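J.: let's see this in three dimensions:
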Amino acid sequence: MSTQTLDRTTTTAGPTWRRVCSVDDLEVERGRAALVDHAQIALFLLSDGTVRATCNRDPYSSAYVISRGIVGSREDAPTIASPMYKQVFDLRTGSCLDTQGKDPARLRTWQARRSDGDVYLLWGRAS
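T.: Model prediction:
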């Protein structure tokens, strides 16, 4: 078995927490786009203080616009409505709650957390 020397930000054991931005870079219930490696991520600071992260690509139009959508809720689910064709997605799971008559699709999501005023994503694992 070979042994690898790893720096503090890299592991081969799986996903790692990656700093994306400061919480101050986000506005409550307004999306922001961030580039992590080569992936466009849509970040949302919700009114309860939680941060949600999804792919910024709308699966119905293929446009990178999800961060410009309208934040809302359906029962207890925080949601984002795409600005293109108005499909509504659950920000926790990426599931489409209102397909507007199209086939079901979903957004990729990442686990996000706040720590010491910064936003981190569990990078290397998308759901």
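J.: what sits against the nearest residue in space to residue 99 that is not next to it in sequence?
T.: When the adjacent residues along the chain are set aside, residue 99 lies closest to residue 87, with 5.9 Å between them (CB to CB, 6 or more residues apart in numbering). (Glycine included, C-beta is placed from N, CA and C.) Residues near residue 87 by CB atoms under 8 Å, 6 or more residues apart in numbering: 58, 60, 81, 96, 98-100, 102, 105.
J.: which of those sits closest to residue 15?
T.: residue 105 (23.9 Å; CB to CB).
J.: on the pLDDT front, check the closest one for me.
T.: As predicted, residue 105 sits at a pLDDT of 97.
J.: what is residue 71 paired to in the beta sheet?
T.: residue 80 (DSSP bridges).
J.: show me where pLDDT drops low in the protein?
T.: For the chain, residues meeting the criterion pLDDT under 70 lie at 1-13, 125-127.
J.: can we see that at 50?
T.: Within the chain, the ranges that satisfy pLDDT under 50 run 1-11.
J.: so which residue is dead centre in it?
T.: residue 53 (1.7 Å; CA atoms, centre = their mean).
J.: returning to that earlier point: who wins for most neighbours among the contacts of residue 87?
T.: residue 58 (23 neighbours; other CB atoms under 10 Å).
J.: isn't residue 91 right next to residue 52, touching?
T.: Yes - counting by CB atoms under 8 Å, residue 91 touches residue 52, with 4.1 Å between them.
J.: neighbour count: these two, which is higher?
T.: residue 91 (26 against 22).
J.: please identify which of the contacts of residue 87 is nearest to residue 114.
T.: Using CB to CB, these come closest to residue 114 at residue 81, 24.3 Å.
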